[in-house]
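Enquirer: Turn this into a structure:
(one chain, ligands or ions: 1)
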Amino acid sequence: MDLSVLPTLTVLSDYVTIAQLGDNKMVRVLHPKASAAISLHGGHVVSFKPEGQEDLIWMSKDAVYDNKAALRGGIPVCWPWFGRIAAPAHGFARNSTWELIEHRESDNGVLVSIGLTDNESSREIWPHKFQLVLNVEVSETLKVTLDITNTDSTPWRFSGALHTYLNLGDIHQMEVTGMGTTYVDSLLDSKLCEGQEVLTLTDTVDRVYTAPDSEIVLHDNAWNRKLSVKNEGANSAVLWNPWKSGAESMGDMNNDGYLSMFCIESTLHANSLDEGKELAPGESHQLITHIAAK
Ligand code: TA6
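Expert: The predicted structure follows:
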């Protein structure tokens, strides 16, 4: 994504502006080390490009920037649940309007913090008080931290994910390592399976890897680069590619989009709302993904 062509709405500093993409407002970072953009609709990172590199983050060419839809691609914030265990799918955070809290910059990069707290419409969907802060650290690498706090007077449970769509040269030439071998197959009725240490793709996958290494590596042999993903605060890593028919069935994914993306997600997985992670009043949890090109 060429962020420099987006119209500027507000200049916040030498490196940070608010820019317009369709109907969405973006916090845009243009820094000598890297560029990035975060949609305030959804709290959604849509681009991260270290200087001299292709974007590490994939966005669908058919993504809908109408300030309403969840964006196809980028890093959707799935919260307060992951998947379809309740409606809307993947929770409401990716459809909510986030506020800019602060931006800080140095010669090494920029930190953008945005926030979301409960409001009338969130409490209609999920009757709890909360505070989310998404810290996006843009430098030679991208670190995204979702800081989740229970601001209510009773405990509640949650699941979620930083649902990263990684950008790559050719899915047919991709290999993934470090995800472990044990996974729950979402395409086989959540069957527990044992796979190989190296994953290559010839069809759709939708898997919850339950014991990933601390670093998962996507070997992008077409572009001759490796993408390193280090997740923290997660209980699993979801790996997903919808393949051809899946891409064709999604109105907001270009039909050949599946050839250049792969999701490696920092996931706190739960099979139901009741099985999510409990947070006591005043307690916080951090869900993190740290992405780098090697
Ligand atoms: O993370 C994988 C997954 O849960 C898949 O099952 C797939 O449906 C994908 O997320 C996208 O979900 P979405 O609601 O954005 O269409």
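Enquirer: For the stretch 101-250 of the chain, give me the ranges with low pLDDT.
Expert: For the stretch 101-250 of the chain, no stretch has pLDDT under 70.
Enquirer: what does it put close to the ligand?
Expert: By C-beta under 6 Å from any ligand atom, the residues of the stretch 101-250 of the chain that approach the ligand are 163, 186, 206, 238, 240. Any C-beta I mention is one placed from the backbone N, CA and C, and that applies to glycine too.
Enquirer: who touches L3 in this structure?
Expert: Contacts for L3 (C-beta atoms under 8 Å, 6 or more residues apart in numbering) come out as 19, 26, 28, 30, 35-37, 47, 49.
Enquirer: List the buried residues in stretch 44-62.
Expert: For stretch 44-62, the neighbour count (16 or more other C-beta atoms under 10 Å) marks 44-50, 55-60 as buried.
Enquirer: so which two of these are the farthest from each other?
Expert: Greatest spacing in the buried residues of stretch 44-62, by C-beta to C-beta: P50 and S60 (21.6 Å).
Enquirer: Can you get me a residue count around the nearest residue in space to G22 that is not next to it in sequence?
Expert: Leaving aside its sequence neighbours, G22 sits nearest to Y65 (C-beta to C-beta, 6 or more residues apart in numbering; 2.7 Å). Other residues near Y65 come to 18 when the count uses other C-beta atoms under 10 Å.
Enquirer: I101 too?
Expert: 12.
Enquirer: Kindly report the same for S153.
Expert: Neighbours of S153 under the rule other C-beta under 10 Å: 8.
Enquirer: Please, which helix or strand holds the nearest residue to it once chain neighbours are set aside?
Expert: Excluding its sequence neighbours, the residue lying closest to S153 (C-beta to C-beta, 6+ apart) is P281, at 5.6 Å. Assigned by DSSP states H and E, P281 belongs to neither a helix nor a strand.
Enquirer: Against L268, how distant is P281?
Expert: Taking C-beta to C-beta, to the nearest Å as the measure, P281 falls 19 Å from L268.
Enquirer: Which one's more surrounded, those two?
Expert: Neighbours were counted for P281 and for L268 using other C-beta under 10 Å; L268 has more, 23 against 13.
Enquirer: Could you pull up the residues touching the more buried one?
Expert: Going by C-beta under 8 Å, 6+ apart, L268 touches 82, 158-161, 233-236, 276-277, 287.
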